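J.: Take this sequence and fold it.
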Amino acid sequence: MAKRLNGENSISDVLKEFMQANNLQPGMDKINVRDAWKNIMGNGVNNYTRDIMLKGATLYVELNSAVLREELSYGKEKIVRMLNEELKREVVKNIVLR
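T.: A predicted model of the protein is given here:
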């Protein structure tokens, strides 16, 4: 557990320290990536998205539509860039569309 500090700390700093001390960031990344995918892709793509899973720095996206999967495969780099901008740090390095 984090040691106590004398003085005042912002809640943001305390939460960051707590997350680092308890190694919670990978779990938060999994949740945040799902939310970022939904925000960026919109309802059209989300209706065909079955599952989103982050393993390491690779995002696995399972889609219902082969046509959509093919279309999205042309813009993987752009999708990675948009997701990382939404998350405000580099979490995703590769996307695998299934």
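J.: what about V92, how many neighbours?
T.: 22 (other CB atoms under 10 Å). Backbone N, C-alpha and C define where each C-beta goes, glycine included.
J.: no wait, L97
T.: Neighbours around L97, by other CB under 10 Å: 17.
J.: pretty sure K30 contacts L54?
T.: Yes. Between K30 and L54 a contact is recorded at 4.7 Å, counting by CB atoms under 8 Å.
J.: How is the residue nearest the centre of the chain assigned, secondary-structure-wise?
T.: By CA atoms, centre = their mean, the chain has its centre lying nearest to V33, at 1.9 Å. Classification of V33 using DSSP: H, G, I helix; E, B strand; the rest coil returns helix.
J.: Look at the nearest residue to it once chain neighbours are set aside and give its secondary structure.
T.: Leaving aside its sequence neighbours, V33 sits nearest to L54 (CB to CB, 6 or more residues apart in numbering; 4.8 Å). Three-state call for L54 (three-state DSSP): strand.
J.: which residues does L54 contact?
T.: Neighbouring residues of L54 by CB atoms under 8 Å, 6 or more residues apart in numbering: D29, K30, V33, Y60, V91, V92.
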